[in-house]
Structures are given as structure tokens and as C-alpha cells.
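Student: Here's my sequence, what's the structure:
(one chain, ligands or ions: 1)
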Amino acid sequence: MKKTLLALALCSGLVQAAPIELKFSHVVAENTPKGQMATHFKTLVDERLKGEVEVKVYPNSQLFGDGKELEAMLLGDVQMIAPSLSKFQKYTDKLQIFDLPFLFNDMAAVDRFQQGPQGQAMLGSLEQYGLIGLGYLHNGMKQLSASNPLKVPTDAKGRKFRIQTSDVLAAQFDKIGAVPVKKPFAEVFTLLQTRAIDGQENTWSNIYSQKFYEVQPYITESNHGVLDYLVVVNAEFWNGLPEGVRSELKRAVEESVTYGNQVAARKDKEDKAAILASGKSQLVTLTDAERGQWVAAMKPVWQQFEGAIGKDLIDAAVAANQ
Ligand code: SIN
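Tutor: Modelled structure (predicted):
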């Protein structure tokens, strides 16, 4: 009886249905490409789906850290996340392509590959696990920070580097005789500060926003890899949305990814400049010959993971450099 009355009240417009709650959890600071993308997404949804969808953004691993966010999404505890591509290893080998060292020359090449047929096909590769990839989001190229200057690969020998949960990244550091340590993003600053680890790899914006530069006296501008994201939603949640709401949300994701990518390009320059201006960390630049040594030492990782990733995919990524 109560249910019938409520249904009647809803139909007659006497009672407003509660908005659909969409929690967007992430691990970085608000003033980063991903943080800004999430905020922009919320703004667009607030404007366009007022009263129908309420977006709540949780930055800085407040709700879930990177070790838990994918699991939480599959349990329905969060509806949208954008983990780094290195964190999907449990679900697919294919996305590991983005971790291969010295694969992409720059972000334009990454973009060409992601927007090409192979990159777009990978967006759907997680559907069998209950996840839908809505789009790639940029952060930038990775640099190496350390407690000692890293000019050539032997400078890293025996030293501990924090990595994301990716076997490709572990192999990359194995190849130079360093010790890779898989740790959540939220723990990196303390590990560096206490000297429990010697270094880490990350983008200029993450090194800046997490203040790694304050406890890492040297940053080698290696551009040896890429750190990008996949914006994903829980498939059951997404497919269960009313058609009109889903298409508006999709449009808002696309627009906020474009916005986030612009922020990424700008912050890559600005945050590098801010780090150098702080005087807390010294920039180590590599000569062509020194960079060649890093390439020669790390590139054998491609061969090691060719079977899992697929030669065709690697060839397509290389072709995106032209
Ligand atoms: C992120 O940018 O989401 C985190 C990257 C990392 O774990 O290093």
C-alpha cells in the first residue's frame, strides 16, 4: 500500500525522486590534471543534470587509495574512477603497453595511438570484468627523481625505486640493476622522506603536487615513459542509467577529459618551472649519449612482454611516433 502511494506521488510529481549519486574517487590532489578533470565533470553535471545526478568528488585517496579503488568500483561503492593505466594489470595485459619504457616520443604520439583503432579497441577490453572505459586522460611523461644524481643507468644500481603495481615497471627497474618496490601513491612521500626508498618515477605535476621535490634533491629529465589514465565506470551502474542521463554523462566526461588534457599540457610546464624555482631539487639533463644508455638498458623489456601485450599493438604504438 505504502509503495503504491509513493509510486503515485512520484508519478504526479508531488515527491521528487532522489538524485542518482555518482561518487568519483581519485588519489591525486585537486590541482592536477585528474583533479581538475573531476571537478570540471562535477560542474558540468551540476549544470546539466541538476536534481537528476549528484556528483561527489573525493580527491587525495580520501575515499579509496589506488590499491582499493578498482575493487571498490566492482563492489559498487564508487561509480567513477580514473586509475593510472599501470594499475589495470590484474584485468588485462594489453594496457601494459603504456608502461613500456621509451615507447612513445611525446604526448602527441600517445594521443595518436590512444585515438587510433587499437587504442579505442582497448577501451572496451575491460567490459568482461564489469568495467567500462569511457576515455583516456593525460597526465604526462615520467621523470626519475632520486636522492643521488642519475646520469647513467649504473647510477641507479642497487637503489630502491617506488613503482606502481605493474610488472612491466618492475622489469624496467630490474634491467638497470635497481630494486623496484610496489607501493600505493599515498605512501610515496613518507617513503622518500624517511629514505626507506631512494627514488621514484612520476610526472612533473605529481612530483610537484605531492611535494616529492622537497625530499628528492635530484630529478633526471628522462621522459622515459608515460603516465596516463583511463576513466572507468561500473558497467552495471552505467548500463542501468536512463538513456538520456547516460548520454549527458558521457558528453560531460568527454568535455572534461578535453579540459583535463589542456590542464595536463599546461601543468607539465608550469609545475616543472615551479619545482626548479623552489631550488629544492636540481634538474639533471641527459646528453644524447647518456640517454642512449638508458634506452639500451631498459628497452629489452619490450621483448620480455611482447607475448603478453602483442607485437601488433607494440608496432602500432611505434608507428604513432611518426
Ligand atoms: C596517479 O597519478 O593517479 C597516481 C600515479 C602513481 O601512482 O604514481
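Student: which residues of the chain fall in helices?
Tutor: 2-11, 33-48, 69-74, 107-115, 117-123, 167-174, 188-193, 204-209, 235-239, 243-278, 288-298, 300-309, 311-319 (DSSP state H).
Student: can you redo the ones you listed as CSV with mean neighbour count, mean pLDDT and distance to residue 100?
Tutor: Every C-beta, even on glycine, is put in place using the N, C-alpha and C of the backbone. Rendered in CSV, the data for the helices of the chain read as follows (neighbours: other CB atoms under 10 Å; pLDDT from 0 to 100; distance: least, CB to CB, whole Å):
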stretch, mean neighbour count, mean pLDDT, distance to residue 100
helix 2-11, 10, 48, 53
helix 33-48, 21, 98, 22
helix 69-74, 19, 94, 22
helix 107-115, 19, 98, 12
helix 117-123, 16, 94, 14
helix 167-174, 22, 98, 6
helix 188-193, 18, 98, 22
helix 204-209, 25, 98, 20
helix 235-239, 15, 95, 28
helix 243-278, 17, 98, 20
helix 288-298, 15, 98, 9
helix 300-309, 16, 98, 5
helix 311-319, 16, 98, 7
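Student: Dump the C-alpha coordinates for stretch 38-45 into CSV.
Tutor: Output of stretch 38-45 as CSV, limited to C-alpha atoms (Å, rounded to 0.1, in the frame of the first residue of the first chain):
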residue,chain,number,x,y,z
ALA,A,38,37.0,15.5,-11.9
THR,A,39,36.0,19.0,-10.7
HIS,A,40,35.1,20.1,-14.2
PHE,A,41,33.0,17.0,-14.7
LYS,A,42,31.1,17.8,-11.5
THR,A,43,30.5,21.4,-12.6
LEU,A,44,29.1,20.2,-16.0
VAL,A,45,26.8,17.6,-14.4
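Student: Endpoints of stretch 72-84, how far apart?
Tutor: Taking CA to CA, to the nearest Å as the measure, stretch 72-84 stretches 16 Å from start to finish.
Student: ok, and does it reach over to the ligand?
Tutor: Yes: using CB under 6 Å from any ligand atom, stretch 72-84 reaches the ligand at residue 84.
Student: picking up where we left off before, nearest to residue 148, of the helices of the chain?
Tutor: Smallest distance to residue 148 across the helices of the chain (CB to CB): 12.8 Å, for helix 188-193.
Student: re the thing from before, for residue 153, find the nearest of the helices of the chain.
Tutor: So among these, helix 288-298 is nearest, using CB to CB, at 4.2 Å.
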